[in-house]
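A.B. asks: 3D model of this:
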Amino acid sequence: MTTGMGGSVTGSMGGSLASASASASAAASDAAACVSRSYEVRQLAARAARCADQADAVLSQLARLELQTWQSPAGRAYRITLSLHAASLRRGRNTLQDAVAVVLRHAQNVVLSSGRPGF
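C.D. replies: Got it, this is the predicted structure:
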């Protein structure tokens, strides 16, 4: 180890300190990026949950329409069509709810991969 101009320390020890500092800085930067990504993933889960809630609202409106008494053949066909669409929308809503759970788990895994405790 030698002392250079201005009293700065050069040599193997000074280089390893700079390297450790850069490594710690990179790790902190990576952790911050993981937390930011986790936040974005949680936002995605919240948007999917809102979509599932909107599907629930539409399903309740369809249920009201299905309960109306349609006596004509066209009215019965309309009611059957409504129930087919409601069944399809129910499956879509269930899939969205499953996706919300998976996306939230992924957000937690992103945070855990940064070495920080989950939210």
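
A.B. asks: Helices of this protein, residue ranges please.
C.D. replies: 12-67, 73-113 (DSSP state H).

A.B. asks: could you dump these to a markdown table with mean pLDDT and mean neighbour count?
C.D. replies: C-beta coordinates here come from the backbone N, C-alpha and C atoms, glycine included. A markdown table is the format used below for the helices of the chain (pLDDT from 0 to 100; neighbours: other Cβ atoms under 10 Å):
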| stretch | mean pLDDT | mean neighbour count |
| --- | --- | --- |
| helix 12-67 | 79 | 13 |
| helix 73-113 | 92 | 14 |
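
A.B. asks: ok, now which ones touch the residue lying closest to Arg42 once chain neighbours are set aside?
C.D. replies: Leaving aside its chain neighbours, Arg42 sits nearest to Ala107 (4.7 Å; criterion: Cβ to Cβ, 6 or more residues apart in numbering). If you count contacts by Cβ atoms under 8 Å, 6 or more residues apart in numbering, Ala107 has them with Ser38, Tyr39, Val41, Arg42, Ala45, Phe119.

A.B. asks: do the same with Arg79
C.D. replies: Neighbour list for Arg79: Leu65, Glu66, Gln68, Trp70 [criterion: Cβ under 8 Å, 6+ apart].

A.B. asks: Compute the distance between the nearest residue to the first one once chain neighbours are set aside and Thr69, please.
C.D. replies: Take Leu65 and drop its neighbours on the chain: the residue closest to it by Cβ to Cβ, 6+ apart is Leu82, 5.5 Å away. Counting by Cβ to Cβ, to the nearest Å, the gap from Leu82 to Thr69 is 13 Å.

A.B. asks: just Ala87 next, same as before
C.D. replies: Taking Cβ to Cβ as the measure, Ala87 falls 21 Å from Thr69.
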